[in-house]
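Q: What follows is a predicted protein model with its sequence.
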Amino acid sequence: MGNADIRSLAALSEVEFGDLAGSIVAVDAHNWLYRYLTTTVKFTRDGAYTTSDGREVANLIGVVQGLPKFFEHDITPVFVFDGGVTELKTDEVDERREQRERYEAELAEAKESGEDSARIATLESRTQRLTDTIHETTRGLLERLDVPIIEAPAEGEAQAAHMARQGQVDYVGSEDYDALLLGAPYTLRQLTSKGNPELMDFEATLAEHDLTWEQLVDIGLLMGTDFNDGIDGVGPKTAVKLVREHGDLWGALDARDAYIDGAELIRELFLHPDVTDDAAFDTDIHPDMDAARTYVTEEWEVPADEVARGFERIEESLVQTGLDQWG
DNA sequence: CACTCTTA
DNA sequence: TAAGAGTGG
């Protein structure tokens, strides 16, 4: 399994933040938040970022701390959220993936804590509730900060890639290698890390291996994606070889006498995902800092000192880069 | 997901 | 050399 295998095929290069000034980046909100919830939250004491009625709001701190990175480098983020309703034809695959994710989360918790099934159930329900609040409050904060939000019909990642393909944005911002299979022309990774961002070039990747987009997706399926397990004994090298020798997924599977459940659907998910052309947004950002502060520290009871510096940086960077003229 | 170690 | 398993973040 493993999507990271795609990394070994991807055309990657290091870029400077300075080179990104003035650009627009479509950020997969779910992906971006996940990063904070697995780092920031995980290393702090339990309940530190929880409201009196038990709602986890660590994401608010994450957003406040993460946004300055964009603004200080004159990058406009556009946050793309997953759609709630999935199309009929993708239901089957989505369900399978969700099932797997649930299973994996459960397994991870169990392994980590060594707890019994009752404890696992508690953790699971908490995780479920967490998700709703996180998305709700992230939207709430971004709205007050006037940061563009796009609601994707289905997968946020796919919508972000589509917007990049349409030229609506300059880059997709994601840690996920799926962006490459989705045909995102340029994907930026490590936007939130200390060092320089990493650029993933779609066309260069195809050219480097002399592949079509379809073939790249087929290689992904052979190695395994979020939606399917790969073929046993097939990694990046073998997958490329198989597709090159046999033309496409079907030829490769035939040669290996292998089968991938739902392969047609998964293929379509990457090549023709459910996206919209009507994703409009305004990059002229006029944040209501007071409203944002009130929302975070009063409405959601986040200790003011946790977000003070972040809000300061947002204010300063917006004034400096001229993104904001105050409204 | 990255890094490292083990195995074929 | 390639793939898979394991672990830490």
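A: Alright, I've got the coordinates.

Q: who does A:Leu199 bridge with?
A: Beta bridges link A:Leu199 to A:Ser13, A:Leu188 when assigned by DSSP bridges.

Q: do you know how far it is from A:Ala207?
A: 15 Å (Cβ to Cβ, to the nearest Å). Where C-beta positions appear, they are placed from N, C-alpha and C, glycine not excepted.

Q: Give the residue from those two that has the larger number of neighbours.
A: Higher neighbour count among A:Leu199 and A:Ala207: A:Leu199, with 20 against 11, using other Cβ atoms under 10 Å.

Q: quick one: that one from A:Arg189, how far?
A: 8 Å.

Q: those helices in the stretch 201-327 of chain A, which residues are they?
A: A:202-209, A:213-223, A:236-246, A:249-256, A:263-271, A:289-293, A:304-321 (DSSP state H, counting those that start in this stretch).

Q: helices or strands next to the second one in the packing?
A: What it means is helix A:213-223. helix A:178-181, helix A:202-209, helix A:236-246, helix A:249-256, helix A:263-271 (3 or more Cβ pairs under 8 Å, 6 or more residues apart in numbering; DSSP states H and E).

Q: Looking at these, which one is packed in the most?
A: Among the helices and strands packed on helix A:213-223, ranked by average contacts under mean count of other Cβ atoms under 10 Å, first place goes to helix A:178-181 (a mean of 28).

Q: quick one on the thing from earlier: including distance to DNA strand B, could the helices and strands packed on helix A:213-223 go into CSV?
A: Formatted as CSV, these follow (distance: least, Cβ to the nearest atom of the strand, whole Å):
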stretch, distance to DNA strand B
helix A:178-181, 7
helix A:202-209, 15
helix A:236-246, 12
helix A:249-256, 16
helix A:263-271, 14
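
Q: ok, the residue of the stretch 151-300 of chain A found nearest DNA strand C - contacts?
A: Going by Cβ to the nearest atom of the strand, DNA strand C is nearest to A:Gly235 of the stretch 151-300 of chain A, at 2.5 Å. A:Gly235 makes contact with A:5, A:223, according to Cβ atoms under 8 Å, 6 or more residues apart in numbering.

Q: rewinding a little: so for A:Leu12, which of the helices and strands packed on helix A:213-223 sits nearest?
A: helix A:202-209 (8.8 Å; Cβ to Cβ).

Q: Tell me if the closest one is near DNA strand C.
A: No - using Cβ under 7 Å from any atom of the strand, helix A:202-209 stays clear of DNA strand C, with a minimum separation of 13.0 Å.

Q: Who are the packing partners of that helix?
A: strand A:11-14, helix A:213-223.

Q: what residues does that helix touch?
A: A:9-11, A:180, A:183-187, A:211-213, A:216, A:240.

Q: can you list the weak-confidence ranges in the stretch 51-200 of chain A?
A: By pLDDT under 70, the low-scoring segments of the stretch 51-200 of chain A are A:84-131.

Q: Quick check: residues of it near DNA strand C?
A: Looking at DNA strand C, no residue of the stretch 51-200 of chain A is close enough under Cβ under 7 Å from any atom of the strand.

Q: Run through the helices of the stretch 51-200 of chain A in chain order.
A: Going by DSSP H, counting those that start in this stretch, the stretch 51-200 of chain A shows helices at A:58-72, A:88-113, A:117-144, A:156-165, A:178-181.

Q: picking that back up, turn the buried ones among the contacts of helix A:202-209 into a named ChimeraX selection, would you?
A: The ChimeraX selection below is limited to those of those classed as buried (16 or more other Cβ atoms under 10 Å):
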select /A:9,10,11,180,183,184,185,186,187,211,213,216,240
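
Q: Could you provide the contacts of helix A:202-209 in CSV, with additional columns for distance to A:Ala291?
A: Converted to CSV, the contacts of helix A:202-209 look like this (distance: Cβ to Cβ, whole Å):
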residue, distance to A:Ala291
A:Leu9, 45
A:Ala10, 41
A:Ala11, 43
A:Leu180, 38
A:Gly183, 38
A:Ala184, 33
A:Pro185, 36
A:Tyr186, 34
A:Thr187, 33
A:Leu211, 49
A:Thr212, 49
A:Trp213, 43
A:Leu216, 44
A:Val240, 52
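
Q: Tell me which two of the contacts of helix A:202-209 sit farthest apart.
A: A:Tyr186 and A:Val240 (22.0 Å).

Q: Can you name the residue of chain A nearest DNA strand B?
A: Proximity of chain A to DNA strand B (Cβ to the nearest atom of the strand) peaks at A:Asn3, 3.5 Å away.

Q: can you tell me how far that residue sits from A:Leu33?
A: Distance from A:Asn3 to A:Leu33, by Cβ to Cβ: 19 Å.

Q: which of those two has more neighbours?
A: A:Leu33 (22 against 17).

Q: Next up, the contacts around the more buried one.
A: A:59, A:62-63, A:134, A:138.
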